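Undergrad: give me a model of this one.
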Amino acid sequence: MRFAMTTLLILTLTARAGVGQVGGNVGYGQAAGRARADQNERAKRQLTREEMPPTDTAMFVDASVLMNVRADEFVATFGVAEEAETVEACQTRMDATIAAFTEALKPLGIGLDALFVDFTAQTKVYGYKVEGNLAREQLVGFELKKTVAIRYRDKTLIDRLVVAASRAKVYDLIKVDYVVTDLAPIQERLAEVAAAVVKAKAARHERLLGIKLRAVPQVYAERSSTYFPSEMYDSYTAGESEAVSGGPDRARMTVQSLRKSRTFYFNPLNADGFDRVIDPVVLEPVVQFTLYLKLRYEIETRR
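TA: Alright, predicted model coming up:
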């Protein structure tokens, strides 16, 4: 089984629960997650023509804030696939596998109320029948696919869930989502910190530049983003390779290379480009919330 730690969060800064991915095989299908997040944050801070101050008596003051949030609970999703010559035989095998998996979860305290089985796909399976020099494609069976989602609170339980799944011959850990149950405090904290940063910058500009800003600014932009760990994983392959070149028999030589294992690691946003980072030390995959706040101040002119 491949273990690429990933995270998926299906929320923005709205007053609802959020889900983020902790681990699973999803990491094999993506690359350069950190680079995309960096580019998105830089794009927030770029001024468009419509956002430019209309006069030379106005200025922008902005703030970028990052907040790292740990999960409250988790949802692990396993993939189950069965093949047989008939759909009925597929379903019989699937029922037996799901029953064995459910039974293996009971010692871990996972009951029926904490799991859900989802029917995801039923497809035909084709093969070839060779007759002389003709390979004729034909229907040889069917494949049934389902997912089993398991809800739990203890993040260390995932290792035992994987072992329990293997006892039922379930080897595909698709993803592990984690849930942020209360977003209101996150929204409030980000807004408070961003406002404090703007006020501090405005006061610094007045002190250092010798200008006077009007007390009531105009909110020009308020842009929030959420980055899931599934988007923030990068990979690398450790190892050195030799090259084979030259020689008259090179064209007739078959070269078999060793498999180089890819390593995945969580590569979150850091403090670069942010005015403040809330909970900056990251030891585990976290959901990263950002808020960009831009205010327009009028500069008082002397008469």
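
Undergrad: tell me the buried residues in stretch 213-222?
TA: Using 16 or more other C-beta atoms under 10 Å as the test for burial, stretch 213-222 gives Leu213, Pro217, Tyr220, Ala221. (Glycine included, C-beta is placed from N, CA and C.)

Undergrad: wait, a helix at Arg204?
TA: Yes - the assignment for Arg204 by DSSP: H, G, I helix; E, B strand; the rest coil puts it in a helix.

Undergrad: pull the contacting residues for Pro268.
TA: Contact partners of Pro268, counting by C-beta atoms under 8 Å, 6 or more residues apart in numbering, are Arg34, Asn68, Tyr227, Pro229, Met232, Val282, Pro285, Val286, Gln288.

Undergrad: can you check Asp38 too?
TA: Leu269, Asp272, Gly273.

Undergrad: so it, which of the three states?
TA: Going by three-state DSSP: Asp38 is helix.

Undergrad: report the buried members of the contacts of Asp38.
TA: For the contacts of Asp38, a burial check counting by 16+ other C-beta under 10 Å picks out Leu269.

Undergrad: for Ala168, grab the count of nearby residues.
TA: For Ala168, the count of nearby residues is 20 (other C-beta atoms under 10 Å).

Undergrad: returning to that earlier point: give me the subset of the contacts of Pro268 lying in strands.
TA: Among the contacts of Pro268, the ones falling in strands (DSSP state E) are Asn68, Tyr227, Gln288.

Undergrad: in CSV: these, plus distance to Gly239 and neighbour count.
TA: CSV is the format used below for the ones in strands among the contacts of Pro268 (distance: C-beta to C-beta, whole Å; neighbours: other C-beta atoms under 10 Å):
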residue, distance to Gly239, neighbour count
Asn68, 32, 18
Tyr227, 30, 24
Gln288, 31, 24
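
Undergrad: which regions of the protein sit below the pLDDT cut-off?
TA: Within the chain, the segments meeting pLDDT under 70 span 1-33, 45, 47-54, 241, 243-251, 303.

Undergrad: let's see that with 80 instead.
TA: Where the chain drops to pLDDT under 80, the residues are 1-56, 178, 229-231, 236-262, 302-303.

Undergrad: return the set of buried residues in stretch 101-117.
TA: Neighbour counts over stretch 101-117 (16+ other C-beta under 10 Å) mark Phe101, Thr102, Ala104, Leu105, Leu108, Ile110, Leu115, Val117 as buried.

Undergrad: Thr156: what secondary structure?
TA: helix.

Undergrad: how close does it sit to Leu108?
TA: 11 Å (C-beta to C-beta, to the nearest Å).

Undergrad: also His205?
TA: 57 Å.

Undergrad: before we move on, the earlier item: okay, the ones in strands among the contacts of Pro268 in a markdown table with distance to Glu143 next?
TA: Listed next are the ones in strands among the contacts of Pro268 as a markdown table, based on distance: C-beta to C-beta, whole Å:
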| residue | distance to Glu143 |
| --- | --- |
| Asn68 | 41 |
| Tyr227 | 35 |
| Gln288 | 38 |
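
Undergrad: any idea how far the residue positioned nearest the centre of the chain is from Ala37?
TA: Geometric centre of the chain, nearest residue: Ser230, 2.1 Å, by C-alpha atoms, centre = their mean. Distance of Ser230 to Ala37, computed by C-beta to C-beta: 12 Å.
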